[in-house]
Every structure is written in C-alpha cells, then in structure tokens.
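S.K.: Sequence unavailable; structure follows:
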DNA sequence: TATAGTTAGTTAGGTTAAGTAACTATTAAA
DNA sequence: TTTAATAGTTACTTAACCTAACTAACTATA
C-alpha cells in the first residue's frame, strides 16, 4: 500500500475504536462525543453563537441547535442575548464548568493510555500534519 | 493545549471534512464511505465472511449484513457458499472490480491533494502512530 | 445418539449524528 | 423602502451504527 493510501486507511481505522471508547468514558457524565466537542469549544471560547459553533465543528445549524437543546436540558450550558435580537450566545453554566473539569480528568488518563509508546515529538508531528490536511480538505 | 490533547483534538477535527469530501467523490459511484471501506477490504482479501468483515472494521454483524445487502443490490459484490452451510463468503463481482478501479483513480487525486505539503516521511510516521494508537485502543 | 453449547448470519427496532428544505424574526444594503 | 442576508428553528430524512432476539448449522460430550 502506498504511503498516501496507508495514511487515510490508518486514519479511518482508528476512528471507531477511538469514538467508541471515548463514548464509554463520557457516558458516566451523560455525554456523547459530539456534545463534548461543543463543551470543549466553550471552555476555551467562553461564549459563542450557534453559527460560530457550527462553523468551528463543520456541521449545519440544525445539528447545532439540537445539540445545544440537549446540553441546555442537562443544564450544562445556557444562552444569553447576543449583540442583536437574532443572536443567542451559548456559554457554560457553573454546573457545566464543574462537569467539564471532571470530564477532563477522566479523558486525560484515557488519552495518555491510548498514546502509550508514542513520543511527544511524534504527537506534535501528527497534530501538525492532521491540522494541515484538515485545512487542505476545507480549501 | 498539551500535546496529547492536541493530538486527539486535531484527529477529531479532521474527520468531518475528510468524510464529507470523500463521500462527494464516492457519490458518483453510488457509494458511501462505509461501503467503500468494505470494497477496499475485498480488493486486498478477495473473499471474506461477514464475521471477518465485521471484525476488520470493528462493527457488529447486523451492520455488516445491511451494508453487504446494499452492495449486493448494486451488484458490486456477491456471496458464495463457505466451508460449511452457515458461512457466506463475500467477494467482488467483475462489475464491482471495475467500479473499484474507477473509484481508486478518483480517490487517488483527492488523497494527494489533501496531503499537499506533507512529506512522504511524515505520512509514514502518521500512519505508524495511528496504527499504534488503534491497537492501544483495542487492548 | 440426544442434548447442550457455539457460531454464522438475519430481522426488528432503536439511537446518534448528521443532512436538506422551508420557515420566522431581525438586520443590513440597494 | 424594498430586497438581501443573517441567526436560529422546525419538520422531515438519512447513514451508520447499536442491542436483543431469532434461525440454521455445526461441534463436543454424556
């Protein structure tokens, strides 16, 4: 198999084992990996509109609407008015903040275990490569 | 962001742009990426049982049953009796072989474009790392 | 040789995570 | 001031998975 074929083959083959195991850990916090992706965004960005979330995650608006609705039901996020009457800014509740901290602790060990045998240098190379490929794909 | 967090962040962020674009190319052959994963297996393995396919792709048997049913409808694969009356061996039809060749040509350029700026050495490192992580996840 | 357990595959029904189309409400531009 | 665009929602659909429960066929054993 040629290097470029192997690259995408290995990329794809890691996906289900990764997501399945992640979802097992997240289940103890009533979360799925897609919801966790939003919470992670909100940890670093503090407050975002639905459109900003949609663009960051490369999903359509209705998908984001529904995921936010579930996160509101869980009381992990809340919305506040934005700069005009159309906008809703989404942000973590204080309960949501606490949950995120717990989740991060859980996920931390999971990630370290999954990366056993991979040097930090290699991790950095892979991160950079994957980011470049993502940008190529979005061009 | 720490290297191990960045690793999984970048891994996940590439997934949707990758699958979405792949599916656009595959659509011209009436295929989805999950079906293409099976066809790819059958190119290299010639003939496989449903259980072997399920294990290779880390999916459950009913999932594989359904995907094979669709591929049979498309006349891309066919089944032949296995070594006992329970087993069904799945293999490509000659039409399926032709389609796979066409798809491979299409995908080839897509992959090369997506890997623009990534050296072959880096591609090989990433493939090896992703394979190792997959094996860690399946432990 | 009857029976208990295993394996291959299917069917039925459900969930998550996504999509498109069409809509309302609001704001900006011509 | 009419027209465009933007933010978000609702309704409906789909892919890609899952579990539970099933049939048919095979294997080991008492």
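M.R.: On my side now, so go ahead. Predicted model only: the values in this text are computed from it and were never measured.
S.K.: what's the closest non-adjacent residue to the residue minimising distance to the centre of chain A?
M.R.: Chain A has residue A:37 as the residue nearest its centroid, 2.1 Å off, counting by C-alpha atoms, centre = their mean. Closest residue to residue A:37 apart from its sequence neighbours, by C-beta to C-beta, 6 or more residues apart in numbering or on different chains: residue A:57 at 6.0 Å. For glycine as for every other residue, the C-beta is placed from the backbone atoms N, C-alpha and C.
S.K.: Tell me how many other residues crowd the one you found.
M.R.: Neighbourhood size, residue A:57 [other C-beta atoms under 10 Å in any protein chain shown]: 18.
S.K.: now do residue A:76
M.R.: For residue A:76, using other C-beta under 10 Å, the count is 24.
S.K.: again, but for residue A:102
M.R.: When counting by other C-beta under 10 Å, one arrives at 11 neighbours for residue A:102.
S.K.: again, but for the one 4 residues further on
M.R.: Each residue near residue A:106 was counted by other C-beta under 10 Å, and the total is 14.
S.K.: how about it, what does it touch?
M.R.: Residue A:106 makes contacts with A:25, A:28-29, as judged by C-beta atoms under 8 Å, 6 or more residues apart in numbering or on different chains.
S.K.: Any chance of CSV for those residues, columns pLDDT?
M.R.: Converted to CSV, the contacts of residue A:106 look like this (pLDDT from 0 to 100):
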residue, pLDDT
A:25, 95
A:28, 92
A:29, 93
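S.K.: is it fair to say residue A:116 lies in a strand?
M.R.: No - per DSSP: H, G, I helix; E, B strand; the rest coil, residue A:116 lies outside any strand segment and is coil.
S.K.: Please verify my assumption that it contacts residue B:135.
M.R.: No - if you go by C-beta atoms under 8 Å, residue A:116 and residue B:135 don't touch, sitting 9.7 Å apart.
S.K.: Settle it for me: which of these two has more neighbours?
M.R.: residue B:135 (14 against 11).
S.K.: Roughly how far does the more buried one sit from residue B:37?
M.R.: 18 Å (C-beta to C-beta, to the nearest Å).
S.K.: same check, this time on residue A:46
M.R.: To residue B:37, residue A:46 is 39 Å away according to C-beta to C-beta.
S.K.: can you check residue A:111 too?
M.R.: If you go by C-beta to C-beta, the gap between residue A:111 and residue B:37 works out to 25 Å.
S.K.: And residue A:1, by the same measure?
M.R.: For residue A:1, the distance to residue B:37 - C-beta to C-beta - is 14 Å.
S.K.: what does residue A:72 give?
M.R.: 36 Å.
S.K.: what's the answer for residue A:53, then?
M.R.: Taking C-beta to C-beta, one finds residue A:53 at 29 Å from residue B:37.
S.K.: Need the residues that contact the helix or strand residue A:56 falls within.
M.R.: Element membership for residue A:56, per DSSP states H and E: helix A:50-57. Under the contact criterion C-beta under 8 Å, 6+ apart, helix A:50-57 has outside partners A:37-38, A:41, A:45, A:48, A:60-61, A:63-65, A:68, A:88, A:90, B:16.
S.K.: Return the distance of the longest helix belonging to chain A from the chain's centre.
M.R.: Longest helix in chain A, counting residues (DSSP state H): helix A:3-27. On the basis of C-alpha atoms, centre = their mean, to the nearest Å, helix A:3-27 sits 14 Å off its chain's mean C-alpha point.
S.K.: ok, is the next helix-or-strand element following that helix in contact with DNA strand C or not?
M.R.: Sequence-wise, the next helix or strand downstream of helix A:3-27 (DSSP H and E) is helix A:33-45. Yes - figure legend: helix A:33-45 in contact with DNA strand C (C-beta under 7 Å from any atom of the strand); contacting residues A:33-35.
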